[in-house]
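Student: just the structure for this:
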Amino acid sequence: MSADTTELLNQAARRRTFAVISHPDAGKSTLTEALLLHAHVLNEAGATHGKAGRKATVSDWMEMEKDRGISISSSAIQFTHDELVFNVVDTPGHADFSEDTYRVLTAVDSVIMLLDAAKGMEPQTMKLFGVCKQRGIPIITVINKWDRPGHDALALLDEVQERTGMRPTPLTWPVGISGDFHGVLDIRSGEYVQYTRTPGGSTLAIEKRMTPQQAEAAMGETWTTAVEEAELLTLDGYEHDLEDYLAQRSTVVLFAAAVLNFGIGQLLDVLSELAPPPHARPDADGAPRPLEAPFSAQVFKVQAGMDRNHRDRLAFARICSGIFHRGDVVTRAATGRQLATKYASGVFGRERETIEEAWPGDVIGLVNAGDVRAGDSLYLEEPVTFPEIPTFPPEHFRQASAMDPSKHKQFQRGIEQLDQEGVIQVLRSERRPSQMPILAAVGPMQFEVVSHRMEHEFHAPIRLDQLPLGLAMGIQKQDAPAVDAYPGAEAAERSDGTWLALFADSWQARWFGQRNPDVTLESLTHDHAGPAGT
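Tutor: Numbering: from 1, shown residues only. Presented below is the predicted three-dimensional model:
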């Protein structure tokens with residue numbers, strides 16, 4: 001084995017690339033901040049709502065995110081802790097942006113799934129569990145907000161097992177009921193980790209470790225109850241097994257209160273120890289691409305508007321194999337065109353800095369990378385195409401037009417940019433003027449993002465007129481006239497060249513099919529767990 005290969009494998013082994021996912025408002029961005037705080041990357045953790053004078057989170061950089069206290073874009077952050085390199089991708093919190101979340105899941109090796117202690121397994125959480133299960137991604141479950149009243153801890157574990165089929169294996173157990181959080185029992189060491197909050201909760205919580213004897217003297221019956229519950233779980237077989245965790249037969253469980261920075265140090269330790277490093281990724285034909293193969297990467301996100309001083313766009317790419325060197329001329333598999341990487345950045349939320357090299361597992365930002373789109377495969381020397389990232393079937397449709405006709409160029413540029421980013425799907429219909437495209441979305445909040453960004457980034461305010469449509473199905477181009485001839489239906493071409501038949505609902509599509517047996521209507525649903533949140 002050459003020295004370069006040894007270095008590459010050593011660097012890859014140091015990487016932990018993961019996403020934080022859950023139902024909206026479970027605390028994803030707050031948890032990301034808390035991890036950065038414990039890794040000593042930040043001196044003070046932010047809050048999504050900026051409450052009590054706390055600053056906004058690093059990962060939520062859009063004005064709409066700060067205003068609403070939710071994540072609506074994925075943001076990549078890299079930090080180093082105990083000689084390991086963590087690449088964390090914060091995902092959109094709202095179900096309307098589940099397509100973006102799914103893209104992120106193609107770029108990670110494990111996930112942290114947050115559950116709200118008071119709400120348990122919510123619909124979005126179930127969908128995301130299903131997507132992770134289908135993709136074979138190991139899951140660490142964090143039961144968050146234990147500082148607030150919520151469900152019984154044992155009942156939450158039962159719910160996880162019943163609804164996911166995975167055996168929950170706690171590594172920490174709460175000392176005190178939900179809403180009265182004193183600390184956790186470290187199940188593997190038997191110690192008590194006591195937390196004391198700091199003013200405002202924005203700095204590291206004070207942690208004190210006690211022996212079981214010291215804990216019993218300090219906490220009395222509260223400690224005894226926690227120990228008895230943990231012993232009961234052990235007797236029932238809820239013990240951590242690394243092989244079961246990696247095979248998704250089990251999910252590691254920890255208890256935390258991210259807003260107070262309780263339990264986050266233990267989570268960082270578990271990520272270091274258990275989260276898998278990068279491994280050989282299968283290409284579109286199912287053949288693994290070895291880590292030591294020449295450079296390859298897959299783009300999972302394209303984003304513009306991150307830097308107000310520069311009207312550029314950033315393509316986020318997960319490195320799958322090889323070493324990336326800034327300045328490499330890579331090939332885009334979809335077109336065979338070459339792409340210069342002179343401007344490559346590491347990303348820290350909205351901030352970025354030029355990087356010279358990166359390794360498997362790292363997320364890099366390629367500035368103004370031509371017409372690269374989410375899902376594109378990039379490579380050096382040895383061609384490779386990774387599995388496509390599916391597009392979710394849209395359910396909401398609007399006709400877009402510029403409010404100021406003199407802003408037509410800005411309007412067209414903005415719509416094209418948002419389409420390339422995957423914020424929205426852009427459809428063209430022969431029934432409508434070219435300057436009035438149809439915008440299609442998985443969820444209606446996507447239209448709010450489009451309106452906001454068109455006005456504030458592209459300076460081309462738009463009008464969005466709702467259309468009486470709610471279903472899109474694939475067709476062949478030659479069948480478009482038949483669709484247009486059917487009352488209430490409409491044919492349109494998506495920017496990727498896919499032809500769609502748009503209907504009001506499934507009933508109308510069924511009637512159309514019966515009257516046009518020569519036209520094949522294809523479902524746009526792909527082999528994933530469905531749009532998370534539907």
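
Student: switch to C-alpha atoms for all contacts and neighbour counts from now on
Tutor: OK.

Student: residues contacting Ala13?
Tutor: Residues near Ala13 by Cα atoms under 8 Å, 6 or more residues apart in numbering: 277-278.

Student: grab the nearest non-local neighbour of Thr224.
Tutor: Counting by Cα to Cα, 6 or more residues apart in numbering, Glu216 is the residue found nearest to Thr224 once chain neighbours are left out, at 6.8 Å.

Student: is the one you found located within a strand, as I assumed?
Tutor: No. Glu216: not assigned to a strand; according to DSSP: H, G, I helix; E, B strand; the rest coil it is helix.

Student: and it, what pLDDT?
Tutor: Looking at Glu216, its pLDDT is 95.

Student: ok, it to Ala226 distance?
Tutor: Noted for Glu216: a distance of 10 Å to Ala226, by Cα to Cα, to the nearest Å.

Student: I'd assumed Thr498 was in contact with Val472.
Tutor: To be clear, residue 472 is Ala; Val isn't right here. No. The pair Ala472 / Thr498 is not scored as a contact, 11.2 Å apart, by Cα atoms under 8 Å.

Student: and the two? which has more neighbours close in?
Tutor: Ala472 (28 against 13; other Cα atoms under 10 Å).

Student: quick check: which ranges of the stretch 401-534 of the chain have low pLDDT?
Tutor: Within the stretch 401-534 of the chain, the segments meeting pLDDT under 70 span 525-534.

Student: which parts of it are strands?
Tutor: 425-428, 438-441, 462-466, 471-475, 490-494, 499-503 (DSSP state E, counting those that start in this stretch).

Student: quick check: neighbours of the fifth one in the sheet, parallel or antiparallel?
Tutor: What that stands for is strand 490-494. strand 425-428 (antiparallel), strand 499-503 (antiparallel) (DSSP bridges).

Student: next, the angle strand 471-475 makes with that strand.
Tutor: Computed by axes from the mean of the first three to the mean of the last three Cα atoms, to 10 degrees, the angle separating strand 490-494 from strand 471-475 equals 70 degrees.

Student: hmm, back to that, next one: the residue nearest to Thr224 from Arg197, what distance?
Tutor: Note on Glu216: its distance to Arg197, by Cα to Cα, is 21 Å.

Student: hang on, the earlier thing: any chance of CSV for the strands paired with strand 490-494, columns mean neighbour count and distance to Ile206?
Tutor: CSV is the format used below for these (neighbours: other Cα atoms under 10 Å; distance: least, Cα to Cα, whole Å):
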stretch, mean neighbour count, distance to Ile206
strand 425-428, 23, 48
strand 499-503, 25, 57
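
Student: reformat those strands as CSV; add distance to Ala39.
Tutor: Listed next are the strands paired with strand 490-494 as CSV, based on distance: least, Cα to Cα, whole Å:
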stretch, distance to Ala39
strand 425-428, 38
strand 499-503, 48
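
Student: what is the rounded mean pLDDT of stretch 12-20?
Tutor: On average, stretch 12-20 scores 94.

Student: oh sorry, the question was meant for stretch 356-376
Tutor: On average, stretch 356-376 scores 86.

Student: mind listing what's buried along that stretch?
Tutor: In terms of neighbour count (16 or more other Cα atoms under 10 Å), stretch 356-376 has its buried residues at 357-369, 372-376.

Student: for that stretch, measure first residue to last.
Tutor: 22 Å.

Student: for stretch 274-282, same thing?
Tutor: Termini of stretch 274-282 sit 22 Å apart (Cα to Cα).

Student: check stretch 90-103 too.
Tutor: End to end - Cα to Cα - stretch 90-103 spans 12 Å.

Student: inside strands: which ones of the buried residues of stretch 356-376?
Tutor: Among the buried residues of stretch 356-376, DSSP state E puts 357-358, 363-367 in strands.

Student: turn these into TSV, columns for distance to Cys320.
Tutor: Output for these, formatted as TSV (distance: Cα to Cα, whole Å):
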residue	distance to Cys320
Glu357	14
Ala358	11
Val363	10
Ile364	11
Gly365	14
Leu366	15
Val367	19
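
Student: what's the closest of these to Asp109?
Tutor: Distance to Asp109, by Cα to Cα, is smallest for Val363 among these, at 12.1 Å.

Student: host element of the residue nearest to the closest one when sequence neighbours are not counted?
Tutor: Setting aside the residues directly before and after it, Val363 is nearest to Arg318 in space (Cα to Cα, 6+ apart), at 4.6 Å. Per DSSP states H and E: Arg318 is located in strand 313-321.

Student: the protein: helices as residue ranges?
Tutor: 3-13, 28-38, 63-68, 98-105, 123-135, 153-164, 212-219, 221-235, 242-246, 264-274, 408-421, 445-456, 480-485, 506-515 (DSSP state H).
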